[in-house]
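Chemist: kindly generate the corresponding structure for this input.
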Amino acid sequence: VHLKESGGGLVRIGDSLRLSCEGSGDTFARTTMAWFRQAPGREREFLGGLRWSAINAQYPDSKLDRFSITRDNAKDMVYLDMNDLQPTDTGVYYCATRARSAVSPSVQEYDNWGPGTQVTVSS
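Modeler: Now for the predicted structure:
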């Protein structure tokens, strides 16, 4: 499975963004997908994930109500919608897949990663 994120950029406080993750490969629609982000000088952070057959995404306990994840298997796409962006949301955003069906918050559990897309929120 090959992944490619898009939709990042420079935005202002309070703006919204939709990040997209396009997958290719025969098994994309049957994988578990997740979004992570990595802020400068910090570890990669789990934002949420979605099993291939699930309607609703799973989020960490620290879930940001401003973020939501959806997928469209017919289009081989997964989306991360972000609202009311803040400077603390600045970082590189990655999508990832894992062969197992359960969503995991652990970076090590994911087999494939996209190159990432930069989001910068200016103050």
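Chemist: please count neighbours and contacts with C-alpha atoms only from this point.
Modeler: Noted.
Chemist: quick one, phi psi at residue 17?
Modeler: The phi and psi values for residue 17, taken as degrees, to the nearest 10, are phi -140, psi 150.
Chemist: from residue 95, how far off is it?
Modeler: 15 Å (CA to CA, to the nearest Å).
Chemist: name the residue in those two with the higher neighbour count.
Modeler: residue 95 (31 against 18; other CA atoms under 10 Å).
Chemist: OK, contacts around the more buried one?
Modeler: With CA atoms under 8 Å, 6 or more residues apart in numbering as the criterion, the residues that contact residue 95 are 3-5, 21, 33-36, 113-114, 116.
Chemist: who's it bridged to?
Modeler: residue 35 (DSSP bridges).
Chemist: in stretch 113-123, what's buried?
Modeler: 113-121 (16 or more other CA atoms under 10 Å).
Chemist: one step back: most surrounded residue in the contacts of residue 95?
Modeler: Ranked by neighbour count (other CA under 10 Å), the contacts of residue 95 have residue 33 at the top, with 32 neighbours.
Chemist: hmm, back to that, so which of the buried residues of stretch 113-123 is the closest to residue 9?
Modeler: Here the nearest of these to residue 9, counting by CA to CA, is residue 119; it sits at 5.0 Å.
Chemist: any idea which element that closest one lies in?
Modeler: With elements delineated by DSSP states H and E, residue 119 resides in strand 117-122, which encompasses its position.
Chemist: can you list the residues that contact that strand?
Modeler: If you take CA under 8 Å, 6+ apart as the criterion, strand 117-122 is touched by 5-13, 85-94.
Chemist: looking at those, which are in strands?
Modeler: Among the contacts of strand 117-122, the members falling in strands (DSSP state E) are 5-6, 9-12, 91-94.
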